[in-house]
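Engineer: task: produce atomic coordinates for the following.
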Amino acid sequence: MTYYWELIQHDGTRIEIPPEMVDVVKRRMTDNLPVNTKTMSIPAHQIKTFRITEKPYGTAFLLEEVAHAFNEQMENPDGSLISRWVKKGVTQDKWNRYYSPNVAYKKLGEEGAMVIVAFRLPIHQIDANLVQYCSEQEINRITKIY
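Structural biologist: Here you go, the predicted model:
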C-alpha cells in the first residue's frame, strides 16, 4: 500500500504530496531548489519537514473520498457496508467514560495526555479532518485473536 506524503512549511502550512512526486520533492530539497506545486512555489528554506503520512493513496481510496463527499454508502457484494479502521485522539477522561466500556473501540496507545482510539467507520462517514486511517500494523495489532 502506498501513502501520501506531507510537506510542512515553517508557518504550519501542510501540503499533501502524492507518492509518485516524492523523489522529485526530495531531489529539489537536496539541491536547495524551490518545490513547485499546482498552486505555489515553495522555497527550500521555507520547508520545515517532509514526511510520509498514514493517509492511503490509490484508486480505491479516491472512490471512498467520492463516497464521503456525496454521502453515498458503498456496499460489499453481500450487502454489508464497506468500512475501514480509523483512529483519533481523545482525552483520558473521555476514554474512561465513553469509549472504554464499548467493545467497538480499541485503545491503540497514548500520546501525551491523549488516548489514541481505533474503531471502524463506514467509508462514506470518514472525515479525514477528524480521523486518520489506521496503518496495517495497527490493524493487525487490534484485530489479533488471543
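
Engineer: count the residues that sit near Asp23.
Structural biologist: Neighbour count of Asp23, defined by other CB atoms under 10 Å: 9. The C-beta positions use only the backbone N, C-alpha and C, and glycine is treated the same way.

Engineer: that one belongs to a strand?
Structural biologist: No. If the criterion is DSSP: H, G, I helix; E, B strand; the rest coil, then Asp23 is helix and not within a strand.

Engineer: helices and strands of the chain: which one bottoms out on pLDDT?
Structural biologist: Every helix and strand in the chain was compared by mean pLDDT, DSSP states H and E; the lowest is helix 59-69, with a mean of 64.

Engineer: list of residues touching the following helix or strand past it?
Structural biologist: Counting by DSSP states H and E, the element after helix 59-69 in chain order, helix or strand, is strand 83-91. Contact with strand 83-91 is made by 64, 98-99, 108, 111, 113-123, 126, 130-134, 138-139, 142, as judged by CB atoms under 8 Å, 6 or more residues apart in numbering.

Engineer: right, I'll call it a day here.
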